[in-house]
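Student: give me a 3D structure for the following:
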Amino acid sequence: MLKVDRLEAGYGSGKVLFGVNFQVPKGEVTAIIGRNGVGKTTTLKTVMGIVQASSGTVSLDGLDLSRKPAHEVVRAGIGYVPEGRQIFPALTVLENLRVGQRSKPKTWTEERVLDLFPNLQRRIKNAGHALSGGEQQMLAIARALVTDVKVLMLDEPTQGLAPMVVQQIGDVVKLLRSEGVAVLLVEQNLNLTERISDRILVMSKGKVVETLSIADFKADAERVHRQWLTI
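Tutor: Below is the predicted model:
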């Protein structure tokens, strides 16, 4: 289980997170929603060690990862797919998969992730810049998986993608959940969020202001949207 407790962080003198608290259980999808600028991406980056926490704790299965550098967070079992994919455009699909591996993966092997994304298998020797936007997103997810993740964090994974690709990514997330991977998802597509999530965290002004089961969210979606999502 990923546990975040009283997490605070920001950029320079500007504070963004003000005591963020949540848990992501094994085999569940937890989605973070909220208006732009409330701290969703900063939360993921702080968990990942890319942004330094000023206080609070991050732990995975009881292991304290607070203020650890990103490479140690990856080794502990947390994978991160950033907004905008950020694959290596000059490297081939296979090179992208191998560049972040510390050792040969035991669970999410190259063969297994390529089975998840057949398009990547067909384009295994193509450079990243030659892939479509959907294929680049598939590669970013596959690259995170081959680090043998226990927790996968996805930041806007379906942004700008065709509906068929959105469907495929949603199906992959559901498969990961069934395999016991904990997924932390930041996503604007509420239809997808409702379809694949187990719980919803609503953020506002650097805090988690509501935690809802997916059933409670669906029953109260109009109120949540009006109160926390509309501008």
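Student: in the chain, which segments are predicted with low confidence?
Tutor: Applying pLDDT under 70 to the chain flags the ranges 102.
Student: and the longest helix for it?
Tutor: Counting residues, the longest helix in the chain under DSSP state H turns out to be helix 163-178.
Student: what distance do you get for residue 202 to residue 228?
Tutor: Separation of residue 202 from residue 228 (Cβ to Cβ, to the nearest Å) stands at 5 Å. (C-beta placed from N, C-alpha, C; glycine too.)
Student: which residues are contacting the longest helix of the chain?
Tutor: Residues from elsewhere that reach helix 163-178 (Cβ atoms under 8 Å, 6 or more residues apart in numbering): 27-29, 116-117, 133-134, 137-138, 141, 145, 152, 154, 157-158, 161, 183, 185, 189, 192, 195-196, 198.
Student: which helices and strands does the following helix or strand past it pack with?
Tutor: Scanning forward in sequence from helix 163-178 by DSSP states H and E, the next helix or strand is strand 182-186. Strand 182-186 sits against strand 14-24, strand 29-33, helix 40-48, strand 151-155, helix 163-178, with contacts defined as 3 or more Cβ pairs under 8 Å, 6 or more residues apart in numbering; DSSP states H and E.
Student: tilt between the longest helix of the chain and strand 29-33?
Tutor: 130 degrees (axes from the mean of the first three to the mean of the last three Cα atoms, to 10 degrees).
Student: which parts of helix 163-178 are buried?
Tutor: By neighbour count on 16 or more other Cβ atoms under 10 Å, the buried set for helix 163-178 is 165, 166, 168, 169, 170, 172, 173, 176, 177.
Student: now those in CSV, with distance to residue 63?
Tutor: Converted to CSV, the buried residues of helix 163-178 look like this (distance: Cβ to Cβ, whole Å):
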residue, distance to residue 63
165, 34
166, 34
168, 33
169, 29
170, 30
172, 26
173, 24
176, 21
177, 22
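Student: overlap in contacts of residue 202 and residue 228?
Tutor: Going by Cβ under 8 Å, 6+ apart, residues that sit against residue 202 and also against residue 228 are 33, 34, 209, 210.
Student: circling back to that earlier point, ok, of the contacts of helix 163-178, which come out buried?
Tutor: By 16+ other Cβ under 10 Å, the contacts of helix 163-178 give 28-29, 116-117, 134, 137-138, 141, 145, 152, 154, 157-158, 161, 183, 185, 189, 192, 196, 198 as buried.
Student: strands - which of the residues you listed land there?
Tutor: 29, 152, 154, 183, 185 (DSSP state E).
Student: among those, which one lies nearest to residue 73?
Tutor: Lowest distance from residue 73 to these (Cβ to Cβ) belongs to residue 152, with 12.6 Å.
Student: which strand residues bridge that closest one?
Tutor: Judged by DSSP bridges, the bridge partners of residue 152 are residue 79, residue 183.
Student: I figured it hits residue 81, correct?
Tutor: Yes: with contact defined as Cβ atoms under 8 Å, residue 152 counts as touching residue 81 (7.2 Å).
Student: so what sits against both of those two?
Tutor: 141, 144.
Student: contacts only, for the residue lying closest to residue 144 once chain neighbours are set aside.
Tutor: Leaving out its chain neighbours, the residue that sits closest to residue 144 by Cβ to Cβ, 6 or more residues apart in numbering is residue 79, at 3.4 Å. By Cβ under 8 Å, 6+ apart, residue 79 lies in contact with 144, 145, 147, 149, 151, 152, 153.
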